[in-house]
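K.L.:
sequence-free structure coming up:
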């Protein structure tokens, strides 16, 4: 059996989530609120349970297709949708004991729901920490996208340092020698520094030539801290009282996840970024957390990935993507309409194809955050 919980039902959402012993930030109603405030669509939680008490929660964002400029050309009756994982994060099934029998039963019930709810396609960024793509082969098209990096906080401080690349160790010594100060900011103290953080963040996005979506806004940041409370924090580095680098992180369960980061380019030679992540790891370890997930690079093993990988060469986890067409005939009609509207054939890998940007078919590069970059959808 299952229940569909909408974003407008925070108590029901929280109750269903609370029944799972496994916790993760991307399944919280607070994270769904961020997705909604970004205009990404309507968040829902699919809460499944079987007769012997196994439970699975699946958070997704539902997007209307009717607003696409060529929708009328497809001549479809009624409202149609597609669904994606929570944006700028990860998704897939959240299950305390991910056994194959349970997950396949969940999947069968979810797919039946999709067919009855006019959901055309589904795109999933599976969670690297959970490895929750396992047991779902054959239920959807699952492909490897890139590696992500985590730090094992069960290690001692000395063991963590020993894993760092020599350059990272040197940068930490350099930061200390240069008198850099690290502080964890949460609550009202974090809000006092949001304007400075956002100014650094915008400059970082300018440098990366990021898409407009990834600039977010000060309103987004304020909403984030309002939703998450003390579970949102800034790990900030200061020089002579001035913030020169910061990482916005979220915590839930036993994990800390990197969400957004920014730094002052003129101060990079002082080693603030390495110092910042090292100090965040130590803080999280002292707080009793077990994992610090840094995410991945923009594409493959690029320079950003290498920077993160040097914190833990043994700590890579795969980001896998899932694609599913629930309504093949409707999907085909939408792609045909897309082709007529843009006067070009679709030949790329973008999914769903009917949302592909014309003349630039392929994946979209995003700045480094929790998911390390955007894929299709």
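P.N.:
Everything's here; your move. Keep in mind it's a predicted model, so treat the numbers as computed, not measured.
K.L.:
now the helices for the stretch 101-250 of the chain?
P.N.:
In the stretch 101-250 of the chain, the segments counted as helices under DSSP state H, counting those that start in this stretch are 157-163, 166-177, 187-192, 194-208, 218-228.
K.L.:
so which of these comes closest to residue 107?
P.N.:
With C-beta to C-beta as the measure, helix 218-228 is the member of those nearest residue 107 (29.6 Å). Backbone N, C-alpha and C define where each C-beta goes, glycine included.
K.L.:
which other helices and strands does that closest one contact?
P.N.:
Counting contacts by 3 or more C-beta pairs under 8 Å, 6 or more residues apart in numbering; DSSP states H and E, helix 218-228 is packed against helix 29-37, helix 187-192, helix 194-208, strand 242-252.
K.L.:
pLDDT below threshold where in this structure?
P.N.:
For the chain, applying pLDDT under 70 flags the ranges 360-377.
K.L.:
possible to save the helices and strands packed on helix 218-228 as JSON lines with mean neighbour count and distance to residue 319?
P.N.:
JSON lines is the format used below for those (neighbours: other C-beta atoms under 10 Å; distance: least, C-beta to C-beta, whole Å):
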{"stretch": "helix 29-37", "mean neighbour count": "21", "distance to residue 319": "18"}
{"stretch": "helix 187-192", "mean neighbour count": "13", "distance to residue 319": "28"}
{"stretch": "helix 194-208", "mean neighbour count": "16", "distance to residue 319": "19"}
{"stretch": "strand 242-252", "mean neighbour count": "23", "distance to residue 319": "18"}
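K.L.:
export the ones you listed to TSV and append columns for distance to residue 91.
P.N.:
Converted to TSV, these look like this (distance: least, C-beta to C-beta, whole Å):
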stretch	distance to residue 91
helix 29-37	10
helix 187-192	27
helix 194-208	24
strand 242-252	15
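K.L.:
nearest to residue 322, of the ones you listed?
P.N.:
helix 29-37 (18.0 Å).
K.L.:
what's the angle from that closest one to helix 218-228?
P.N.:
Counting by axes from the mean of the first three to the mean of the last three C-alpha atoms, to 10 degrees, helix 29-37 lies at 160 degrees to helix 218-228.
K.L.:
adjacent strands (with direction) for whatever helix or strand comes next after helix 29-37?
P.N.:
Toward the C-terminus, helix 29-37 is succeeded by strand 42-49 as the next helix or strand (DSSP states H and E). Counting by DSSP bridges, the strands paired with strand 42-49 are strand 2-6 (antiparallel), strand 55-64 (antiparallel).
K.L.:
among those strands, which is the most enclosed?
P.N.:
Mean neighbour count (mean count of other C-beta atoms under 10 Å) peaks for strand 55-64 among the strands paired with strand 42-49, with a mean of 22.
K.L.:
ok, residues contacting it?
P.N.:
The contact list for strand 55-64 (C-beta atoms under 8 Å, 6 or more residues apart in numbering) reads 16-17, 19-20, 26-27, 31-32, 35, 40-49, 79-87, 91-96, 102-103, 106, 110, 119, 122.
K.L.:
list only buried entries from those residues.
P.N.:
16-17, 20, 26-27, 31-32, 35, 40-49, 80-87, 91-95, 102-103, 106, 110, 119, 122 (16 or more other C-beta atoms under 10 Å).
K.L.:
where do the strands sit along the stretch 1-150 of the chain?
P.N.:
Remark: strands assigned in the stretch 1-150 of the chain by DSSP state E, counting those that start in this stretch are 2-6, 42-49, 55-64, 81-84, 119-125, 141-152.
K.L.:
whoops, I mixed them up, the stretch 251-377 of the chain
P.N.:
255-263, 291-296, 316-325.
K.L.:
residues in contact with the shortest one?
P.N.:
Counting contacts by C-beta under 8 Å, 6+ apart, the residues outside strand 291-296 that touch it are 128-129, 146-153, 254-258, 277, 280-281, 284, 304-305, 308, 311, 317, 319, 368-373.
K.L.:
pairing partners for that strand, with directions?
P.N.:
Assessed with DSSP bridges, strand 291-296 is paired to strand 141-152 (antiparallel), strand 255-263 (parallel).
K.L.:
which residues are in contact with the longest one?
P.N.:
By C-beta under 8 Å, 6+ apart, the list of residues contacting strand 141-152 from outside reads 125-126, 128-129, 133, 136, 160, 281, 290-297, 299-301, 305, 308-309, 311-312, 315-324, 372-373, 375.
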